[in-house]
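Novice: Need a 3D model of the following:
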Amino acid sequence: MANDYLESVRKQFEYYKMLGDKTFSQLPDDKLFWQYNNESNSIGTIVKHLWGNMLSRWTDFLTADGEKDWRNRDAEFENDINSREELLAKWNEGWSCLFNAINSLTADDLDKIIYIRNQGHTVTEAINRQLAHYPYHVGQIVFLGKMLAESWASLSIPKGNSQTYNAEKFSKPKQKEHFTDEFFGDKKE
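Specialist: Below is the predicted model of the structure:
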């Protein structure tokens, strides 16, 4: 069951990364850095925060506190990423750090205690903490993307297509895997 948990977590994180990737691809460069007001975050700022959090939490995941002394969380909310390339580099570096850590874990690691800001968590609790945090911010990215895109291609079942989508799903044999290649493919996200 523990190995199933790690595989499920990996797939969940892959799904949320994919949602961000597909949102970025639908936006012109300038929209990635748009802010509603000084108190709101641009997509670029949200990416910068996720990047900082991911590097801090997942670097030396089993051996060092998840809040690294080199992290400057406040600076993550400065809207200073200047290009799509820089945004994507930070996005991909953060996710790479996460996946490297997740891929190195075994079932025997799940009950180990790690620390985030000096507070003990089992590895499972620490993973679940981030599995709640990252989708929250990816949801913000998608929400902004939908508002800012000139033409939006749905990342889920498009409005008005639930019956057609369900009919297609129920016309096939039951599948054990929740996330299939189709799930990550171009047809449905």
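
Novice: Residue 89 and residue 119: what is the separation?
Specialist: 31 Å (C-beta to C-beta, to the nearest Å). For glycine as for every other residue, the C-beta is placed from the backbone atoms N, C-alpha and C.

Novice: I should have written residue 43 there, sorry.
Specialist: The gap separating residue 43 from residue 119 is 30 Å, by C-beta to C-beta.

Novice: These two: who's more crowded?
Specialist: residue 43 (27 against 12; other C-beta atoms under 10 Å).

Novice: Pull the number of nearby residues for the closest residue to that one other than its chain neighbours.
Specialist: Closest residue to residue 43 apart from its sequence neighbours, by C-beta to C-beta, 6 or more residues apart in numbering: residue 32 at 4.9 Å. For residue 32, the neighbour count with other C-beta under 10 Å is 25.

Novice: contacting residues for residue 32?
Specialist: Listed by C-beta atoms under 8 Å, 6 or more residues apart in numbering, the contact set of residue 32 reads 24, 42, 43, 44, 81, 84, 87.

Novice: Let me know the secondary structure of the fifth one.
Specialist: This means residue 81. Following DSSP: H, G, I helix; E, B strand; the rest coil, we place residue 81 in the coil state.

Novice: can you pull out the helices in the protein?
Specialist: In the chain, the segments counted as helices under DSSP state H are 2-24, 43-58, 84-104, 123-148, 162-170, 181-184.

Novice: Got the phi and psi for the residue lying farthest from the centre of the chain?
Specialist: Centroid-distance maximum for the chain: residue 171 at 31.2 Å, with C-alpha atoms, centre = their mean. The phi/psi pair for residue 171 (degrees, to the nearest 10) reads phi -80, psi -10.

Novice: Which pLDDT value belongs to it?
Specialist: Predicted confidence (pLDDT) for residue 171: 93.

Novice: Could you do residue 79 as well?
Specialist: Per-residue confidence (pLDDT) for residue 79: 85.

Novice: wait, doesn't it sit right on residue 33?
Specialist: Yes: the pair residue 79 / residue 33 is scored as a contact, 6.6 Å apart, by C-beta atoms under 8 Å.

Novice: more crowded one of those two?
Specialist: Set residue 79 next to residue 33 and count neighbours by other C-beta under 10 Å: residue 33 wins out with 18 against 15.

Novice: Many thanks, I have nothing further to ask.
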